[in-house]
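1. Structure here, sequence nowhere to be found:
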Ligand SMILES: NC(=O)c1ccc[n+]([C@@H]2O[C@H](COP(=O)([O-])OP(=O)(O)OC[C@H]3O[C@@H](n4cnc5c(N)ncnc54)[C@H](OP(=O)(O)O)[C@@H]3O)[C@@H](O)[C@H]2O)c1
């Protein structure tokens with residue numbers, strides 16, 4: 001049987017998962033491709049490090065160019081991470097005639113466009129399934145199975161760490177900082193959690209998903225990102241009373257005329273009947289709304305060695321089949337339009353607003369009148385008495401413009417009786 005030689009850059013969490021799958025399912029994979037996928041070389045940083053998968057020591061090198069420049073290698077998997085030197089390595093690998101697989105969301109969101117163009121010009125495959133939502137096959141679904149649709153919206157829970165933290169806060173009534181510390185102790189959160197908890201990881205992933213969904217390049221810096229540091233245990237309790245769960249969502253919407261889009265990451269109150277409301281723990285899910293198919297939901301493990309390895313190996317199989325059929329580069333970059341990115345200021349949304357006030361007459365009425373003056377119309381309001389002569393008022397608005405809401409809150413904050421606007425969170429439909 002013909003052999004297709006594979007080169008791998010990186011043998012960490014994802015690299016070792018992919019190599020293990022190639023070893024354990026070798027026969028079935030060979031049948032499915034019609035050729036054996038054989039790992040010929042693997043570049044790592046440290047040759048002496050213990051590995052989670054057993055590999056012949058002779059395959060390892062600490063010189064990535066030994067992999068990149070090997071003329072026998074037809075498929076190169078970049079599983080290093082970060083923008084540089086990964087981007088440079090991938091560009092050189094395309095120039096040396098390789099088909100590329102990557103799981104690198106940061107590189108793809110910040111600097112992926114020129115790589116995809118270079119691969120397209122060279123008629124080589126460039127697959128990135130592992131870069132979004134780990135093992136969930138969302139990229140291939142959007143690029144192939146759903147291409148008959150105009151995709152109106154993509155909404156996802158695409159960061160497992162924050163979903164785990166919010167789930168724990170919900171189940172245990174615990175504070176964000178305590179759950180984060182516990183997640184770090186268990187290895188579910190990085191020692192520097194910024195990329196996850198401040199929404200940057202989700203921002204990279206929705207940049208990739210939106211580009212594919214709307215066929216338009218999305219610049220990561222145009223995506224507003226708000227993380228979950230500001231979510232208090234009290235918000236989760238009150239949201240539950242109102243019939244909602246709080247989740248960190250990544251949202252990409254296309255305007256009705258298809259000329260513009262809006263992409264953002266933020267915490268949101270989801271009604272319990274929302275398909276994403278019950279996606280808990282480290283799980284990810286992506287909801288795609290197409291004009292023909294309606295709602296389609298993809299659910300699964302958004303990270304981890306074997307789940308992400310599954311996505312990487314799936315891409316290798318696709319590239320292997322294309323190599324045999326002499327059809328690599330068949331599905332290249334799909335960003336052939338330029339859509340305008342709308343600012344989050346023009347967005348209309350419903351909001352949950354929790355305000356702490358002095359417990360005295362007419363406070364509720366004064367706040368209501370400020371909302372009215374700023375075109376913020378109220379759907380419901382509840383009031384709780386708190387200790388020390390305080391009250392908590394929770395408002396849920398109808399659809400309002402973000403800038404009108406901000407103007408109202410700026411005035412409300414100045415009222416004598418208002419001790420704090422404790423939180424303001426979007427309510428998703
Ligand atoms: N972890 C996940 O669950 C997950 C899920 C989806 C996507 N991803 C993405 O997959 C990629 C890899 O993540 P990971 O978690 O597998 O990372 P990781 O565990 O830190 O592994 C990185 C690997 O790359 C090697 N490496 C780093 N810099 C190198 C260089 N300059 N030259 C050669 N080798 C180098 C490291 O070598 P040493 O082992 O010798 O240090 C290590 O084997 C990232 O883009 C990440 O965002 C990860």
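-> Okay, I see it. Just so we're clear, the structure is a prediction, and the values are computed from it rather than from any experiment.

2. how about the residues of the stretch 51-200 of the chain near the ligand?
-> 64, 79, 80, 81, 85, 103, 104, 105, 130, 134 (Cβ under 6 Å from any ligand atom). Any C-beta I mention is one placed from the backbone N, CA and C, and that applies to glycine too.

3. show me the contacts for residue 143.
-> 212, 331, 334 (Cβ atoms under 8 Å, 6 or more residues apart in numbering).

4. from the residues of the stretch 51-200 of the chain next to the ligand, which ones fall inside strands?
-> Applying DSSP state E to those, no entry is found in strands.

5. Any quick ChimeraX command for the buried ones out of these?
-> Those of these that count as buried under 16 or more other Cβ atoms under 10 Å are selected in ChimeraX with:
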select :64,79,80,81,103,104,105,130,134
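
6. List the buried residues for stretch 38-50?
-> Applying 16+ other Cβ under 10 Å to stretch 38-50 flags 39, 40, 41, 42, 43, 44 as buried.

7. Does the first one touch residue 19 like I think?
-> Yes - here residue 39 reaches residue 19: they are 6.0 Å apart, a contact under Cβ atoms under 8 Å.

8. list the residues that contact both of these two?
-> Counting by Cβ under 8 Å, 6+ apart, the shared contacts of residue 39 and residue 19 are 8, 55.

9. quick one: the strands in the stretch 51-200 of the chain?
-> 60-61, 73-78, 99-102, 126-127, 151-157 (DSSP state E, counting those that start in this stretch).

10. So the residue nearest to residue 209 when sequence neighbours are not counted versus residue 135, what's the distance?
-> Spatial nearest neighbour of residue 209, excluding adjacent residues (Cβ to Cβ, 6 or more residues apart in numbering): residue 154 at 5.1 Å. Applying Cβ to Cβ, to the nearest Å, the value for residue 154 to residue 135 is 18 Å.

11. now stretch 100-117: how far from the chain's centre is it?
-> With Cα atoms, centre = their mean, to the nearest Å as the basis, stretch 100-117 stands 15 Å off its chain's centre.

12. pLDDT (mean, whole number) over it?
-> Mean pLDDT, computed over stretch 100-117, is 96.

13. which outside residues touch the helix or strand encompassing residue 385?
-> Using DSSP states H and E, residue 385 sits in strand 378-386. For strand 378-386, contacts defined as Cβ under 8 Å, 6+ apart pick out 241-242, 350, 356, 359, 364, 368, 371, 391-398.

14. Just give the nearest non-adjacent residue to the residue of the stretch 1-150 of the chain found nearest the ligand, would you?
-> In the stretch 1-150 of the chain, the residue that lies nearest the ligand is residue 12 (1.8 Å; Cβ to the nearest ligand atom). Excluding the flanking residues, the one nearest residue 12 by Cβ to Cβ, 6+ apart is residue 79, at 7.0 Å.

15. got the angle for the longest helix belonging to the chain vs strand 73-78?
-> If each helix of the chain is counted by residues according to DSSP state H, the longest one is helix 305-324. Calculated by axes from the mean of the first three to the mean of the last three Cα atoms, to 10 degrees, helix 305-324 forms an angle of 150 degrees with strand 73-78.

16. Flag every buried residue along helix 305-324.
-> Neighbour-count burial for helix 305-324, with 16+ other Cβ under 10 Å as criterion, is recorded at 305-323.

17. Of these, which ones also sit close to the ligand?
-> residue 308.

18. okay, the residue in the chain sticking out farthest from the centre: pLDDT?
-> Going by Cα atoms, centre = their mean, the residue of the chain most distant from its centre is residue 361, 45.7 Å out. We have a pLDDT of 88 for residue 361.

19. a strand runs through it, doesn't it?
-> No - the assignment for residue 361 (DSSP: H, G, I helix; E, B strand; the rest coil) gives coil, which keeps it out of a strand.

20. Of the buried residues of stretch 38-50, which are in range of the ligand?
-> 43, 44.

21. Tell me which residue in the stretch 201-350 of the chain sits closest to the ligand.
-> residue 303 (3.3 Å).

22. Looking at residue 154 and residue 135, which one has more neighbours?
-> residue 154 (25 against 22; other Cβ atoms under 10 Å).

23. which residues does that one contact?
-> For residue 154, the contact set (Cβ under 8 Å, 6+ apart) comprises 206, 209, 210, 213, 251, 252, 286, 287, 288, 289.

24. just residue 190 next, same as before
-> Listed by Cβ under 8 Å, 6+ apart, the contact partners of residue 190 are 161, 184, 196.

25. Check the gap between the last one and residue 221 for me.
-> In this case it means residue 196. Residue 196 sits 19 Å away from residue 221, going by Cβ to Cβ.

26. who has more neighbours, the two?
-> The neighbour comparison of residue 196 against residue 221 (other Cβ under 10 Å) goes to residue 196, with 25 against 11.

27. Report the spatially closest residue to that one, excluding sequence-adjacent ones.
-> residue 161 (4.0 Å).

28. What number of residues are in the vicinity of that neighbour?
-> Residue 161: 23 neighbours (other Cβ under 10 Å).

29. Look at it and report its pLDDT.
-> So residue 161 comes in at 95 (pLDDT).

30. Might you report the residue contacts of it?
-> 183, 188, 189, 190, 193, 196, 197, 201, 282.

31. Return the member of these nearest to the ligand.
-> Checking the contacts of residue 161 against the ligand with Cβ to the nearest ligand atom, the nearest one is residue 201 at 8.1 Å.

32. since we're on that closest one, how many residues are nearby?
-> Applying other Cβ under 10 Å, I find that residue 201 has 29 neighbouring residues.

33. hang on, the earlier thing: so which of the strands of the stretch 51-200 of the chain comes closest to residue 225?
-> Closest to residue 225 of the strands of the stretch 51-200 of the chain, according to Cβ to Cβ: strand 151-157, at 13.7 Å.

34. Cool, thanks, signing off.
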